[in-house]
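K.L.:
what follows is a predicted protein model with its sequence.
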Amino acid sequence: MSELVKSGFIVDKDFKTLDFCEHCIIGKSHKQSFPKAKHVTNGILEYVHSDLWGSPSTPDNLAGPKYFVTFIDDFSKKVWIYFLKTKDEVFSKFREWKAEVETKTEKKVKCLRTDNGLEFCNKQFDDYCKKAGIKRHRTCTYTPQQNGVSERMNRTILTFGCTAYVHITEEKTGPRAIKGVFVGYPMGTKGYRVWIEEEGRCRTIRNVVFNEDELGPSPSAESEGTSDQGGEESSSSSNSSSDEEQDHEVDSERDHESESGDTETLDTYVLARDRERRHNVRPPSRYEDGNFVAYALNVIDDLEVQEPKS
């Protein structure tokens, strides 16, 4: 009603204050808006944000982990990322991170903000924080906005991996760089870690040129490229389905024959008779481009030919 008065649809003198209406609240309830956050810290490690990202259905990455946990210092905005294979590794990584940063900075972690995930809310984690004097701040259920610093960082990390060009000096006449994907920084080494798809491995190297405007190809890029031909493939899917069924029947027959063949003894096996025959036998490589007449003439020269007696 107040909004209608402000808009001029209702005269102010006709407006009366309405009593609290329970039916209106039940029928028109909605979520409260989030005001702009006002949080001030005075030093490093006074307030730390943390969150876990991933799920059991997440495809394995190149090293195998399905999760990662982040620790973000509110004062310096520095981010630490640890990759995990299971959720129960969060506690051990937190202790590892806490010991490292407190040794380097000579300061103590004072407050930790997380969600209500069981990887953070368990007796082992709670007892450790209570013993270390770390205050815990948690979010309300299904309210990720209250841990917005970590949630926004998760979205940033998922877009990580720009194209990188690694300098190589293998051949003087060949290319001087190879294309890869920037995946991070190595521990204890002054360089960059770059995934080289052609080699199927990561390189730790210093001489790298980055193209930050282009993201590197994902492992599924090739499959996405083939999906563009889905229209052509779908038209022949009905015809190929019957072929696949026939192939499956043939394979099952072969498996049955191989199982029965395993029961035969070696005494009944004859190499000349039972060995697998070669197909598409070609003449020697130097005669591939010639005809069989030239091949025969070259062979006949090496034979001893008897002259006729009469």
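P.N.:
Okay, I see it.

K.L.:
run a quick neighbour tally on Pro175.
P.N.:
10 (other CB atoms under 10 Å). (C-beta placed from N, C-alpha, C; glycine too.)

K.L.:
same deal with the one 3 residues further on?
P.N.:
Using other CB under 10 Å, Ile178 is surrounded by 18 other residues.

K.L.:
swap in the one 10 residues further on?
P.N.:
The number of residues packed around Gly188, counting by other CB under 10 Å, is 5.

K.L.:
where's it, which helix or strand?
P.N.:
According to DSSP states H and E, Gly188 maps onto no helix or strand at all.

K.L.:
the chain: helices as residue ranges?
P.N.:
With DSSP state H, the ranges of helices along the chain come out as 2-7, 22-28, 90-105, 123-132, 148-158, 221-227, 230-262, 271-274, 292-300.

K.L.:
worst mean pLDDT among those?
P.N.:
Among these, helix 221-227 carries the lowest mean pLDDT, a mean of 45.

K.L.:
quick one: residues contacting His137.
P.N.:
Counting by CB atoms under 8 Å, 6 or more residues apart in numbering, His137 touches 111-114.

K.L.:
how close does it sit to Trp53?
P.N.:
Distance of His137 to Trp53, computed by CB to CB, to the nearest Å: 19 Å.

K.L.:
ok, Asp115 next?
P.N.:
Note on Asp115: its distance to Trp53, by CB to CB, is 11 Å.

K.L.:
what's the answer for Tyr67, then?
P.N.:
Noted for Tyr67: a distance of 7 Å to Trp53, by CB to CB.

K.L.:
again, but for Thr41
P.N.:
Distance of Thr41 to Trp53, given as CB to CB: 24 Å.

K.L.:
of these two, who's got more company?
P.N.:
Trp53 (19 against 15).

K.L.:
excluding its backbone neighbours, what's nearest the more buried one?
P.N.:
Spatially, and ignoring its direct neighbours in sequence, Trp53 is nearest to Asn154 (4.7 Å; CB to CB, 6 or more residues apart in numbering).

K.L.:
ok, now which ones touch the one you found?
P.N.:
So Asn154 contacts 51, 53, 70 (CB under 8 Å, 6+ apart).

K.L.:
so what's the last one bridging to?
P.N.:
According to DSSP bridges, the residues that bridge with Thr70 are Asp51, Ile81.
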